[in-house]
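Participant: pasted the sequence and its predicted model underneath.
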Amino acid sequence: MSFSQSPSGRLAVQMISHIRHALPAILAVGSLVLIWEGYAQFSGVSPTTLPAPSRVLAQAYQYRQALFDNAIPTLRATLSGFALSLFAAFLLSVIVDFVPRLKRALFPVFIISQTLPLVAIAPLIVLWFGFGLLPKILLVALVTFFPMLVALSKGYEATEPELEQLLASMGAPRWKLFWLARLPSSLPFFFAGLRISITYAVVGAIFAEYAGAAKGLGIYMLNAKNNFRPDLVLAAVLVSAALTLCLFGAAVLAERLAMPWTRRTSSGGASR
Amino acid sequence: MSTPRLKLDQVGYRYGDLSVLENISMTVRPGEFVSILGPSGSGKSTLFRLLTGAITTDIGTTEFDGKLLAKAGRSFAFMPQRDALMPWRKILDNTTLGLEVQGIGRKQARERVSPLFAEFGLAGFEQSYPAELSGGMRQRAALLRTVVQDKPMLLLDEPFGALDALTRAGMQRWLEAMWEKHRWTAMLVTHDVREAVHLSDRIYVLSPRPARVIREIEIDLPRPRGRDAATQARAAAIEADILETLLKPDTGHFDGTSSQEAAAT
Ligand SMILES: Nc1ncnc2c1ncn2[C@@H]1O[C@H](COP(=O)(O)OP(=O)(O)OP(=O)(O)O)[C@@H](O)[C@H]1O
Ligand SMILES: [Mg+2]
């Protein structure tokens, strides 16, 4: 058994190759942060205008409890809103797949919904639905629903025509065709949409909080800004970025679990 | 002569303004292996689309076991031009697809398919995904998925078209042996003249689009074919003759009705 063939060994090799892949990005971000740090330290700019990264980190650590307390409602709003959006998008994608005429009627409406500027919509939704969880859920759903719907619909349409002809020749009714061929065919599209939408979802939740909330990263940023604490604004940004990355990672993980056939082939570990 | 299994009578089909099939008349008798040879784009897959009910036409009639096709139900097990294996299903579950669609339970379907894996050269690959198989194995898996449906007739659309020459030659021998054992009633679409001559009892040659039958050839070579020199020589002569027709279709018989020729005798 060579090193690369034991499971943990293979994992280690994979990790190293991942890191090597990410190296340029790490270097780019690292040097950017260094330049920023140097500029903030030596140019004499006031920390209330441009705090150094080191200061942002230090403040983030000092205010970790407050940041954590405010991250939780944001996470809750993101996840609930996204869950609602996924459910609605899936349901509608199925309906529209069976009744194509409905698609032609509804899609323009959804496209218009995507052109609405968030800055205008967020305060209105808060005005109508109050400061609770509901307006945040609705806003997250609003920004993520249509991309997910489009991803699913595109996925269904990507089904190989020969596979459909095959199933038809076997006598499969339309719903079986959907279940056996169209739905699985849509998985790669679904997960591509999921990865993009989950990042929109966090932004949507923060926007909604910004427009009015009791707690949350959005309102925390607003308050920090009003108190002339850009370091805390940036600390909250850092937390939201970390949140987004975690959710993105979860989406990638879900994709791997849901589509094992893509994994086995790329690793080449199944040759016999 | 008994009623043919499949009988097409002056069938035609158009995609809008594009006439693809004209005046197609063919018969396939029970237990017979019939090939359709024709240039690319002539309408061979279209013919199968008509038979499997993916498209319909009101030009001409098609009968199956003496009944109009529309009333004969699902009579064909169809193998599409590309293997159309589902990448998300393991090979075992791909091969049971037709049985599952028929409503047979997964466990029972697996029990029916599993014993055939060895014969199809797929033993040990039940739990592999299609992407983990070679081209030849994928085609055998697709063929297994087709034959286990236990339909009265097989429709094979260029099953070996995508394979390299060596694999293809191996697969043709294998299919010949399989057919001799099972005697499926089958219709095979191919561009490969050699393949048609080696596998078929009868060959229909189609013209370029719009496709018409320009020749019908009985192949009465003894089976197994291509083993002794005498048979090989006769097969080669038939191949050359057919190739000539394909390359110069206008010298063939263009009257649409099939011309009975016994080129082999
Ligand atoms: N859905 C369609 N709409 C319009 N034209 C089509 C359609 N499908 C096929 N055709 C046309 O019909 C003709 C016959 O197509 P078909 O697929 O039956 O050819 P084929 O004989 O199977 O070719 P090949 O050997 O390359 O597979 C082609 O010229 C093609 O362009
Ligand atoms: Mg074809």
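Facilitator: Received the coordinates, thanks. Ligands and ions are numbered 1, 2, ... in the order given.
Participant: pLDDT wise, what is the residue in chain B sticking out farthest from the centre at?
Facilitator: In terms of distance from the mean C-alpha position of chain B, B:Lys107 ranks first, at 29.5 Å (Cα atoms, centre = their mean). Note on B:Lys107: pLDDT of 93.
Participant: who touches A:Arg229 in this structure?
Facilitator: Going by Cβ atoms under 8 Å, 6 or more residues apart in numbering or on different chains, A:Arg229 touches A:48, A:59. (C-beta placed from N, C-alpha, C; glycine too.)
Participant: if we go to 10 Å?
Facilitator: By Cβ atoms under 10 Å, 6 or more residues apart in numbering or on different chains, the residues touching A:Arg229 are A:47-48, A:51, A:59, A:63, A:221, A:223, A:235-236.
Participant: backbone phi and psi for it, please?
Facilitator: phi -120, psi 70 (degrees, to the nearest 10).
Participant: same check, this time on B:Gly41
Facilitator: Dihedral angles (degrees, to the nearest 10) for B:Gly41: phi 80, psi 10.
Participant: next one: B:Val189
Facilitator: Per-residue torsions, B:Val189: phi -100, psi 140 (degrees, to the nearest 10).
Participant: likewise for B:Leu21?
Facilitator: B:Leu21 adopts backbone torsions of phi -120, psi 130, taken as degrees, to the nearest 10.
Participant: please, which helix or strand holds B:Gly60?
Facilitator: B:Gly60 is part of strand B:59-64, with elements assigned from DSSP states H and E.
Participant: whichever helix or strand comes after that strand and chain A, are they touching?
Facilitator: Using DSSP H and E, the helix or strand that follows strand B:59-64 in sequence is strand B:67-68. No - using Cβ under 10 Å from any Cβ of the partner chain, we find that strand B:67-68 stays clear of chain A, coming within 16.6 Å at best.
Participant: which residue ranges make up each domain of the chain?
Facilitator: Went with chain A since none was named. Per the record, chain A has its domains at A:10-44, A:52-265, by automatic domain parsing.
Participant: wrong one, I was asking about chain B
Facilitator: Annotated domains of chain B cover B:6-75+B:152-264, B:86-150 [automatic domain parsing].
Participant: how about those, which one is nearest ligand 2?
Facilitator: Distance to ligand 2, taken as Cβ to the ion, is lowest for domain B:6-75+B:152-264 among the domains of chain B, at 3.1 Å.
Participant: how far off centre is that closest one?
Facilitator: Centre-to-centre, domain B:6-75+B:152-264 and its host chain are 7 Å apart (Cα atoms, centre = their mean, to the nearest Å).
Participant: residue in chain A nearest to ligand 1?
Facilitator: A:Pro161 (8.6 Å; Cβ to the nearest ligand atom).
Participant: pLDDT score for that residue?
Facilitator: For A:Pro161, the pLDDT comes out at 92.
Participant: which residues touch it?
Facilitator: B:54, B:80, B:82, B:84.
Participant: could I get the full set of helices for the chain?
Facilitator: Just going to use chain A. Secondary structure of chain A, counting by DSSP state H: helices at A:7-42, A:53-62, A:64-98, A:100-115, A:118-129, A:133-157, A:161-169, A:174-177, A:183-210, A:217-226, A:230-258, A:260-267.
Participant: that's the wrong chain, I wanted chain B
Facilitator: Under DSSP H, chain B gives helices at B:44-51, B:69-72, B:91-95, B:97-101, B:106-113, B:135-147, B:165-182, B:193-199, B:229-247.
Participant: coming back round to it: ok, which of the domains of chain B comes nearest A:Leu133?
Facilitator: A:Leu133 lies closest, by Cβ to Cβ, to one member of those: domain B:86-150, at 36.7 Å.
Participant: where are the low-confidence patches of the chain?
Facilitator: Just going to use chain A. Applying pLDDT under 70 to chain A flags the ranges A:1-7, A:264-272.
Participant: that's the wrong chain, I meant chain B
Facilitator: In chain B, residues with pLDDT under 70: B:1, B:226, B:249-265.
Participant: and the residue nearest the centre of it, what is it in contact with?
Facilitator: With distances taken as Cα atoms, centre = their mean, the residue of chain B nearest its centroid is B:Leu188 (1.9 Å). Taking Cβ under 10 Å, 6+ apart, we find B:Leu188 in contact with B:33-37, B:79, B:154-160, B:175, B:179, B:195-196, B:199-200, B:203.
Participant: what residues does the stretch 151-265 of chain B put near chain A?
Facilitator: B:151, B:155, B:157.
Participant: just grab the bridge partners of the residue nearest to the first one when sequence neighbours are not counted for me.
Facilitator: Spelled out, it's B:Lys151. Spatial nearest neighbour of B:Lys151, excluding adjacent residues (Cβ to Cβ, 6 or more residues apart in numbering or on different chains): B:Ala77 at 4.0 Å. Following DSSP bridges, B:Ala77 is listed with bridge partners B:Leu154.
Participant: let me see the contact set for B:Ala77.
Facilitator: Neighbours of B:Ala77 in contact, by Cβ under 10 Å, 6+ apart: A:166, A:169-170, B:52, B:98, B:143, B:145-156, B:184, B:186.
Participant: near chain B too, which of the contacts of A:Arg229?
Facilitator: Restricting the contacts of A:Arg229 to those touching chain B (Cβ under 10 Å from any Cβ) yields no residues.
Participant: now tabulate the residues you listed in CSV and tack on neighbour count.
Facilitator: Output for the contacts of A:Arg229, formatted as CSV (neighbours: other Cβ atoms under 10 Å in any protein chain shown):
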residue, neighbour count
A:Pro47, 15
A:Thr48, 11
A:Pro51, 23
A:Gln59, 20
A:Tyr63, 20
A:Met221, 24
A:Asn223, 14
A:Ala235, 28
A:Ala236, 30
